[in-house]
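**Q** the amino acid sequence is not available; the structure is as follows:
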């Protein structure tokens with residue numbers, strides 16, 4: 001048996017090498033010099049974990065698809081895991097419109113990370129001179145010298161890590177883009193007093209910065225991280241876990257709260273921002289959670305199960321936050337708090353009246369979209385949520401969140417991003433009935449009382465995959481106090 005396994009592995013590897021030598025695509029190129037190379041490093045290092053060979057070009061590469069500079073990352077298909085590389089990097093296509101699938105249909109790593117990955121049908125890539133890459137580490141840099149350091153907001157998620165890692169320092173954020181000599185300083189870039197400590201962390205995190213001799217003459221706002229909470233039900237914790245993993249990885253400070261804390265009230269005294277990750281199948285399951293069977297169901301640490309209750313305990317996990325909790329979350333927002341809902345959780349504020357003029361509908365029975373990557377259009381590019389996103393259209397994972405609708409008079413004020421909703425906008429994966437999403441809001445910023453509700457119909461934090469979208473959530477948290485002033489509407493009452 002062991003010999004058969006070994007022979008099969010050899011045959012599969014040989015066949016993969018042969019296929020990559022004779023059949024397009026012959027490889028993939030990630031050009032050097034991209035705006036945020038940390039996203040490229042994420043892709044490369046995931047490939048390396050899978051045993052896929054990646055090389056760094058030692059000289060310029062000329063292919064049918066273009067010319068790529070030395071330092072570009074190259075994945076050749078004539079290797080033992082060449083077929084796996086193709087699976088991870090290609091665009092997933094499903095020509096059968098009647099298809100049903102078990103799980104996601106789109107996972108193209110370049111699109112999910114919003115990094116440039118060029119597929120090539122030019123066999124010349126197989127002869128490109130490269131040096132093997134074991135692990136790709138991006139070293140950040142501070143250009144110039146001066147008492148002020150501006151850390152560029154180029155979309156790197158590690159910008160939030162820097163803010164939390166150096167939380168004892170005072171930061172300002174540039175409210176508008178600014179040009180210093182020949183360097184563009186994007187809106188959202190962080191301004192910090194220069195020091196060796198700051199430079200060291202910038203280098204470690206792979207960020208790019210510029211040192212200035214004087215403060216830039218542009219509007220600046222304090223960039224103070226909020227007191228943050230993440231809400232979890234007791235009965236649907238998987239997607240919450242992925243959000244926690246991402247926040248932990250990027251070193252956000254937050255409290256994990258459950259129904260007990262929400263019912264207790266006084267949320268605004270404790271937090272500026274509360275994030276409700278996608279969980280459950282809709283608003284009712286979020287509010288009422290585990291059904292009560294007439295007796296308490298405890299989740300607490302015991303001598304028999306000492307690890308239970310490590311992150312939270314409850315004498316009775318049934319019943320959910322209930323209407324009592326809904327009232328407390330509404331009080332939180334009206335008192336000036338920012339409530340952020342992701343994916344399926346965005347049914348909640350609409351259906352339970354926190355955003356009273358926002359409707360949350362579901363698609364028709366014929367609609368089918370098992371996790372494709374689709375194109376979304378940014379309608380308000382100067383909104384802080386889109387710091388680090390210079391393009392008008394971006395790839396996002398369709399999360400089967402609500403089809404949101406707002407009053408016509410409020411669309412221009414509240415709709416931050418919408419789905420393109422055309423056949424061409426399905427970039428990878430499978431979507432049947434795409435027209436049902438056309439023009440539907442993907443992100444809303446709705447004023448309520450003194451606060452606001454940010455509804456993501458997308459899920460910008462999904463299974464540690466769509467890191468290109470995650471920065472929208474990071475921005476919503478980090479720049480919570482820099483959103484445009486509330487602009488009326490019935491939901492603001």
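**A** All right, it came through fine. Only a predicted model underlies this, so the values are computations on that prediction, with no experimental measurement involved. Numbering: from 1, shown residues only.
**Q** contacts and neighbour counts: CA atoms only from here.
**A** OK.
**Q** other SSEs contacting the longest helix belonging to the chain?
**A** What stands out as the longest helix in the chain, according to DSSP state H, is helix 2-22. Helices and strands touching helix 2-22, by 3 or more C-alpha pairs under 8 Å, 6 or more residues apart in numbering; DSSP states H and E, are helix 82-89.
**Q** for the helix it packs on, buried residues please.
**A** Buried positions in helix 82-89, judged by neighbour count with 16 or more other C-alpha atoms under 10 Å: 82, 83, 84, 85, 86, 88, 89.
**Q** so what secondary structure elements neighbour the helix or strand just after it?
**A** Proceeding N to C from helix 82-89, the next assigned helix or strand is helix 109-113, under DSSP states H and E. Other helices and strands packing on helix 109-113, by 3+ C-alpha pairs under 8 Å, 6+ apart, are helix 37-49, helix 82-89, strand 393-397, helix 467-478.
**Q** may I see those arranged in JSON lines, with distance to residue 284 and mean pLDDT as well?
**A** Listed next are the helices and strands packed on helix 109-113 as JSON lines, based on distance: least, C-alpha to C-alpha, whole Å; pLDDT from 0 to 100:
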{"stretch": "helix 37-49", "distance to residue 284": "37", "mean pLDDT": "98"}
{"stretch": "helix 82-89", "distance to residue 284": "36", "mean pLDDT": "98"}
{"stretch": "strand 393-397", "distance to residue 284": "24", "mean pLDDT": "98"}
{"stretch": "helix 467-478", "distance to residue 284": "24", "mean pLDDT": "98"}
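**Q** wait, which of these is closest to residue 248?
**A** helix 467-478 (12.2 Å; C-alpha to C-alpha).
**Q** touching that closest one from outside, list them.
**A** The contact list for helix 467-478 (C-alpha atoms under 8 Å, 6 or more residues apart in numbering) reads 39, 111-115, 155-157, 160, 223-226, 273, 384-387, 396, 460-461.
**Q** just stretch 339-352 next, same as before
**A** The contact list for stretch 339-352 (C-alpha under 8 Å, 6+ apart) reads 273-284, 286-287, 326, 333, 355-360, 399-402, 452-460.
**Q** list only buried entries from those.
**A** Buried by 16+ other C-alpha under 10 Å: 273-280, 282-284, 286-287, 326, 333, 355-360, 399-402, 452-460, out of those.
**Q** ok, the buried residues of helix 82-89 vs residue 233, which is closest?
**A** Distance to residue 233 across these (C-alpha to C-alpha) is lowest for residue 88, with 32.7 Å.
**Q** now do the same contact list for that closest one.
**A** Per C-alpha under 8 Å, 6+ apart, neighbours of residue 88: 107, 108, 109.
**Q** residue 294: which of those residues is nearest?
**A** Using C-alpha to C-alpha, the contacts of residue 88 come closest to residue 294 at residue 107, 43.1 Å.
**Q** is residue 14 in contact with residue 80, as I believe?
**A** Yes: with contacts counted by C-alpha atoms under 8 Å, residue 14 reaches residue 80, the gap being 6.6 Å.
**Q** quick one, which of those two is more surrounded?
**A** The neighbour count for residue 14 versus residue 80, taken as other C-alpha atoms under 10 Å, is higher for residue 80 (23 against 15).
**Q** next one: the closest residue to the more buried one other than its chain neighbours from residue 84, what distance?
**A** Leaving aside its chain neighbours, residue 80 sits nearest to residue 13 (4.2 Å; criterion: C-alpha to C-alpha, 6 or more residues apart in numbering). Distance, residue 13 to residue 84, using C-alpha to C-alpha, to the nearest Å: 11 Å.
**Q** please apply the same query to residue 27.
**A** Residue 27 is 12 Å from residue 84, where distance means C-alpha to C-alpha.
**Q** for the nearest residue to residue 270 once chain neighbours are set aside, grab the count of nearby residues.
**A** Among residues not flanking residue 270 along the chain, residue 227 sits closest, at 7.1 Å (C-alpha to C-alpha, 6+ apart). A total of 16 residues lie near residue 227 under the criterion other C-alpha under 10 Å.
**Q** measure residue 221 to residue 410 for me?
**A** Counting by C-alpha to C-alpha - residue 221 and residue 410 are separated by 26 Å.
**Q** can you give me phi and psi for residue 130?
**A** Per-residue torsions, residue 130: phi -140, psi 160 (degrees, to the nearest 10).
**Q** so what's it up against?
**A** With contact set as C-alpha under 8 Å, 6+ apart, residue 130 has these partners: 55, 56, 57, 58, 59, 74.
**Q** show me what contacts the first one?
**A** Yep, that's residue 55 we're talking about. Residue 55 makes contacts with 73, 74, 75, 130, 131, 132, 133, as judged by C-alpha under 8 Å, 6+ apart.
**Q** could you do the fourth one as well?
**A** Shown here is residue 58, whose contacts under the criterion C-alpha under 8 Å, 6+ apart are 70, 71, 129, 130, 131.
**Q** quickly find the element holding the residue lying closest to residue 190 once chain neighbours are set aside.
**A** Excluding the flanking residues, the one nearest residue 190 by C-alpha to C-alpha, 6+ apart is residue 173, at 4.6 Å. Following DSSP H and E, the helix or strand that holds residue 173 is strand 172-174.
**Q** packing partners for that strand?
**A** strand 190-193, strand 220-222.
**Q** thanks again, I'm all set now.
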